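Participant: Sharing a sequence plus its predicted fold:
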Amino acid sequence: MKIEEYLETLPENLLSGEDVQLPEKVFRDIFKFAELGKDDIFYHLGCGDEIGIEISIKEFNVKKAIGIDNNSEKIENAKKNLQDHNINAELICQNIEEVDISDASVIFFWFTDEDVINTMLEKFEKLK
């Protein structure tokens, strides 16, 4: 099979970088590297199924965790998952480019869209 044929078999969201869920181990490794801890206000932009929020609270004991996603269905599912696990976190259905993150001490996001990345980097720069 040629690479072009193989690529055609893959889901579009995988190729575009959209809706790619990181494995839990990757979250843990990143949070360890960032030294995420009890004094942090953690934002997960594009939180999807909320697993990053859950890990940040249960295993890294952050002061506060906020998940942002513009997909209302994902936010509702994430809220249910957190409620089922008795985890208190804030989940917001909003475009990440419009959300107020001024109180954040740690921000996590994974996007492949260069415009989104540049917009967010500009926003982060203003927080300094």
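Facilitator: Right, received. Where do you want to start? Bear in mind the structure is a predicted one, so any value in this text is a computation, not a measurement.
Participant: make it CA atoms for all contacts and neighbour counts henceforth
Facilitator: Fine.
Participant: Relative to Glu5, how far out is the closest residue to Lys64 other than its chain neighbours?
Facilitator: Excluding its sequence neighbours, the residue lying closest to Lys64 (Cα to Cα, 6 or more residues apart in numbering) is Ile41, at 4.8 Å. Separation of Ile41 from Glu5 (Cα to Cα, to the nearest Å) stands at 45 Å.
Participant: who has more neighbours, the two?
Facilitator: Neighbours were counted for Ile41 and for Glu5 using other Cα atoms under 10 Å; Ile41 has more, 19 against 9.
Participant: Might you report the residue contacts of the residue nearest to Phe109 when sequence neighbours are not counted?
Facilitator: Once flanking residues are discounted, Phe109 sits nearest to Leu45: 5.0 Å by Cα to Cα, 6+ apart. With contact set as Cα atoms under 8 Å, 6 or more residues apart in numbering, Leu45 has these partners: 67-69, 96, 107-110.
Participant: hmm, back to that, ok, the residue nearest to Lys64 touching Ser102?
Facilitator: No. Judged on Cα atoms under 8 Å, Ile41 makes no contact with Ser102 at a distance of 10.2 Å.
Participant: check contacts around Leu91.
Facilitator: Contacts for Leu91 (Cα under 8 Å, 6+ apart) come out as 66-69, 75, 78-79.
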